Structure formats: structure tokens, C-alpha cells
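Q: got a structure for you, letters missing:
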């Protein structure tokens, strides 16, 4: 049974590849002079750090990952010790979080139009923080599942709004480099959050 989630994950990537393959062809960009990978990465990072909006869009998921991984690293212990649920119940908790993520992604464009992208991103950050606090205070698995669903919705909306904004303001030839810089910052923050959560739980 341990292999089932990994197989399902692999199948989802295969389906994603087929969906991407079905997209209409776009004109190839005019080839530019070849640059070294290091030079390209440096150009992307320099562009991000010189633009306050892009830097904010990059730091938002980085800070979020610190908080999120601090929670996720101890979530199984929290579910077992505090909520009194086993492996099946824990799977349902994660399902609630993922379902909330799908709902948030579906509502992202509506929130962006109704509130404006900046306000919507501020609101999703507040929602995620309040949801994690609600999770910590949850008296039973049902409230915990609801809190995780709300947190997932905030993250799902954020993961649509922020990259969409970034792609709309970045020169096409730099989109990949700038997205890579942002993702690198977010991913590098994740281990720190995991360490912090484990240390706090131990203390």
C-alpha cells in the first residue's frame, strides 16, 4: 500500500504531460546568443531583486513555506497525539487540505477581479495564518479538517494569483529565469521551516 500514493503521483504527472501536449503550438522565439546557465540565473536573480513587486512575490511563498513546513513536519504527531486519529483519519485531513486547495485555485480569478490581485494576495495570507491558528486550537478532527481546508484554499488561490501577476509584468524572455529564482527562494526556505517546526515541537 505504501507505493500507491507514489504511483498515483506519477500518473498525475503523466496526465499533466498529456494535457500540456494538447495545448496549441505557439511561434518559437527568435534564438538569442547562447549564454551560460550561471549567467542566465544571475540575470533572473538580478531582475527579481531590483524590482520590489517581483521581490515581494518571491518572498511571499518563501515566508509561507517556513510557516507551512513548520506545521506539516509535526502534523502527523499532532493528529495522533492531540486529535486522537489514526492513519486513515490523517489521510482524510490531508484530503481536506487538498480539496480546499482545488477550491481556492478555482476561485482565484474571481477574487482577483473582485478585490484586485494585491488585496486578494493580502487576504489569502491572512486567511492562511488564521487557519493555522484555528488548526492549533482545534478541539476535534472535524474542526482541524475545516481549518486545513481553509488553509489549502488560501494557498491554492495564492499559487494562481502570484504567478499570473508575475508573468504579466515580466519580459517574455525572462519569465523562466525569474520563475526559477522565485521558486529557488521558496524551496530553500522549506527546510528551515521544517527544522524550526521540529525544534519548537521538541522544545
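A: That came through, no problem. The model shown is predicted, which means the values in this text are computed figures rather than measured ones. Residues are numbered from 1 along each chain as shown.

Q: residues in contact with the residue nearest to residue 94 when sequence neighbours are not counted?
A: Using CB to CB, 6 or more residues apart in numbering and skipping the chain neighbours, the partner closest in space to residue 94 is residue 148 (7.7 Å). All C-beta atoms are positioned from the backbone trio N, CA, C, and that covers glycine. Counting by CB atoms under 8 Å, 6 or more residues apart in numbering, residue 148 touches 93-94, 96-97, 100, 131, 135.

Q: can you name the two of these that are farthest apart?
A: 94 and 131 (14.6 Å; CB to CB).

Q: Compare the two (neighbour count), which wins?
A: Of the pair residue 94 and residue 131, residue 131 is the one with more neighbours under other CB atoms under 10 Å, namely 23 against 17.

Q: counting contacts, what elements does the worst-scoring helix or strand of the chain on mean pLDDT pack onto?
A: Every helix and strand of the chain was ranked by mean pLDDT, DSSP states H and E. The lowest is helix 37-50, at a mean of 82. Secondary-structure packing of helix 37-50 (3 or more CB pairs under 8 Å, 6 or more residues apart in numbering; DSSP states H and E): helix 52-81, helix 175-202.

Q: Nearest to residue 21 among those helices would be which one?
A: The closest of the helices and strands packed on helix 37-50 to residue 21 is helix 175-202. By CB to CB, the value is 18.9 Å.

Q: Report the inter-axis angle for that closest one versus helix 37-50.
A: Here helix 175-202 points in a direction 70 degrees away from that of helix 37-50 (axes from the mean of the first three to the mean of the last three CA atoms, to 10 degrees).
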